[in-house]
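A.B. asks: Here is my input; please provide its structure:
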Amino acid sequence: MILDSFLILLPLIFLALGGYVLSEFYSLSEDTLIRIVTDFFMPVLIFYSLYTSDINLSKTLKLLGAVSIVLAILFIASFVYCRLFKLDFKAFAPPILFMNSGFLGIPLM
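C.D. replies: Here you go, the predicted structure:
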């Protein structure tokens with residue numbers, strides 16, 4: 001069981017090690033390393049994970065349903081929050097509804 005968990009996290013560990021190795025051999029700023037990891041290593045990891053995974057339609061539909069529910073809850077909560085505190089919903093909602101972290105769970109599937 002511990003080995004299975006380790007094997008699932010191994011690609012993410014390689015991502016972290018890739019950033020560390022680059023920082024040791026090259027004098028790169030933290031912002032540059034973050035950009036390299038997010039623009040190169042993460043897309044490669046996502047592509048590899050999707051290519052090697054067995055995509056199951058029923059599980060994908062369940063995931064789509066769960067994501068839809070979460071987005072609906074976030075939409076309603078941000079709308080209510082903006083109404084209560086008299087904030088501009090058009091400026092407040094996009095960062096909440098279109099967060100940039102959804103792709104991080106794909107390699108763990």
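A.B. asks: pLDDT at L28, what is it?
C.D. replies: Here the pLDDT value assigned to L28 is 74.
A.B. asks: Kindly report the same for F25.
C.D. replies: 82.
A.B. asks: That one: neighbour count?
C.D. replies: With neighbours defined by other Cβ atoms under 10 Å, the count for F25 comes to 8. For the C-beta atoms, the positions are set from N, CA and C on the backbone; glycine is no exception.
A.B. asks: measure it to G19 for me?
C.D. replies: Per Cβ to Cβ, to the nearest Å, F25 is found 11 Å from G19.
A.B. asks: ditto for F40
C.D. replies: Applying Cβ to Cβ to F40 and G19 gives a distance of 11 Å.
A.B. asks: for L9, same thing?
C.D. replies: Distance from L9 to G19, by Cβ to Cβ: 16 Å.
A.B. asks: Can you mark which positions in the longest helix belonging to the chain are buried?
C.D. replies: Longest helix in the chain, counting residues (DSSP state H): helix 57-84. Buried residues in helix 57-84, counting neighbours by 16 or more other Cβ atoms under 10 Å, are found at 78, 82.
A.B. asks: Domain ranges for the chain, per the record?
C.D. replies: 1-52, 55-109 (automatic domain parsing).
A.B. asks: Start and end of stretch 80-98, how far apart?
C.D. replies: Terminal residues of stretch 80-98 are spaced 18 Å apart (Cα to Cα, to the nearest Å).
A.B. asks: Flag every buried residue along that stretch.
C.D. replies: Buried residues in stretch 80-98 (16+ other Cβ under 10 Å): 82, 93.
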